[in-house]
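Visitor: Could you work out the structure for the sequence below:
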Amino acid sequence: MGRRCTRVSSFGSDFNRDFHVTFTQDEVHKGEMYYNYHLTKFPSTEGPGISVLYKDESGDIYHTYSCYARGLDMLNKLQNSPTTEVEIDDTPPPGLDPKTEVDQKLVAFSKNCDGRLVTNDYNLNKVAKLRGVDVININSLANALKTIVLPGEPRQTKILKSGEEADQGIGYLEDGTMIVVEDARNRIGETIILSVTSSLQTAAGKMIFGKYERTVEKSRNSYDRSNNKKQYNKRPNQNT
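Guide: All right, here's what the predicted structure looks like:
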């Protein structure tokens, strides 16, 4: 968004306690921590979280927002899934000091239970492999599961916005892959069929290029180009 901000570490201060991402051993044992906006159990005295604050010209500091445990939210969804079995093991790795860094605990725990370590942390990936632990890199896994497309292959997508060029429209596949479609700038809101022309792998991800073929479903506010009039779907009158 073009904004610049200073990143500040909370190490050695009470900030983490104030914003509920650091807990005492007594709180961990009791399982009574206020984390991610609700009372919950947590297996460690440290939890992941990012807080953003704003300092105005007079020097007053305002807390704008905090976010926590996005990965744990996904883990909770997996735990509630009828097709996936998730077991949480609070057993500490044997032979390690309780103050040992989390990365070392993860490697030791994975090695002790002969399990695989799933992570997107580059350094942890390297350390785990060095210790003989089987590692699944989340980024590599996501790339491997992404859709493979070939030139000439038809694809369906919804055009959500205009592209950089005059006639381009932008859509996305279900896995988040961006599709740039020629002759689709005036198709925003429509679900269309396109013919793939090429694809491009960049550091930010994969992009697919295609050419508009036909419309499958028009938007609710569709534009009739034949008589240059905008047509709206009729809706029943609603009392306010």
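Visitor: Now the terminal residues of stretch 55-62, how far apart.
Guide: By CA to CA, to the nearest Å, the extent of stretch 55-62 from end to end equals 6 Å.
Visitor: quick check, distance from that stretch to the centre of its chain.
Guide: In terms of CA atoms, centre = their mean, to the nearest Å, the centre of stretch 55-62 is found 31 Å from the chain centre.
Visitor: same question, stretch 150-167
Guide: 23 Å.
Visitor: what comes up buried for that stretch?
Guide: Across stretch 150-167, burial judged by 16 or more other CB atoms under 10 Å covers Arg155, Thr157, Lys158, Ile159, Ser162, Gly163. No exception for glycine: its C-beta is placed from N, CA and C like everyone else's.
Visitor: who touches that stretch?
Guide: Here stretch 150-167 makes contact (CB atoms under 8 Å, 6 or more residues apart in numbering) with 149, 168-173, 179-185, 187-198, 208, 210, 213, 216.
Visitor: Go again with 6 Å.
Guide: Applying CB atoms under 6 Å, 6 or more residues apart in numbering, the contact partners of stretch 150-167 are 169-171, 179-180, 182-185, 187-188, 190-191, 193-196.
Visitor: Can you turn the buried part of those residues into a PyMOL selection?
Guide: Only the buried members of the contacts of stretch 150-167 enter the following PyMOL selection, criterion being 16+ other CB under 10 Å:
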select buried, resi 169+170+171+179+180+182+184+185+187+188+190+194+196
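Visitor: Strands - which of the contacts of stretch 150-167 land there?
Guide: Within those, residues falling in strands by DSSP state E are Gly169, Ile170, Gly171, Ile179, Val180, Glu182, Thr191, Ile193, Leu194, Ser195, Val196.
Visitor: Let's have those residues in a markdown table, adding distance to Gly31 and pLDDT.
Guide: Putting these into a markdown table (distance: CB to CB, whole Å; pLDDT from 0 to 100) gives the following:
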| residue | distance to Gly31 | pLDDT |
| --- | --- | --- |
| Gly169 | 51 | 94 |
| Ile170 | 47 | 93 |
| Gly171 | 46 | 92 |
| Ile179 | 47 | 92 |
| Val180 | 50 | 94 |
| Glu182 | 57 | 95 |
| Thr191 | 48 | 93 |
| Ile193 | 53 | 95 |
| Leu194 | 52 | 95 |
| Ser195 | 56 | 95 |
| Val196 | 52 | 95 |
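Visitor: and the two most separated of the buried residues of stretch 150-167?
Guide: Pairwise distances across the buried residues of stretch 150-167 (CB to CB) peak at 18.8 Å, for the pair Arg155 and Ser162.
Visitor: can I get the ones in strands among the contacts of stretch 150-167 in JSON lines with distance to Leu117?
Guide: Shown next, in JSON lines, are those (distance: CB to CB, whole Å):
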{"residue": "Gly169", "distance to Leu117": "41"}
{"residue": "Ile170", "distance to Leu117": "37"}
{"residue": "Gly171", "distance to Leu117": "36"}
{"residue": "Ile179", "distance to Leu117": "34"}
{"residue": "Val180", "distance to Leu117": "37"}
{"residue": "Glu182", "distance to Leu117": "44"}
{"residue": "Thr191", "distance to Leu117": "40"}
{"residue": "Ile193", "distance to Leu117": "42"}
{"residue": "Leu194", "distance to Leu117": "40"}
{"residue": "Ser195", "distance to Leu117": "42"}
{"residue": "Val196", "distance to Leu117": "36"}
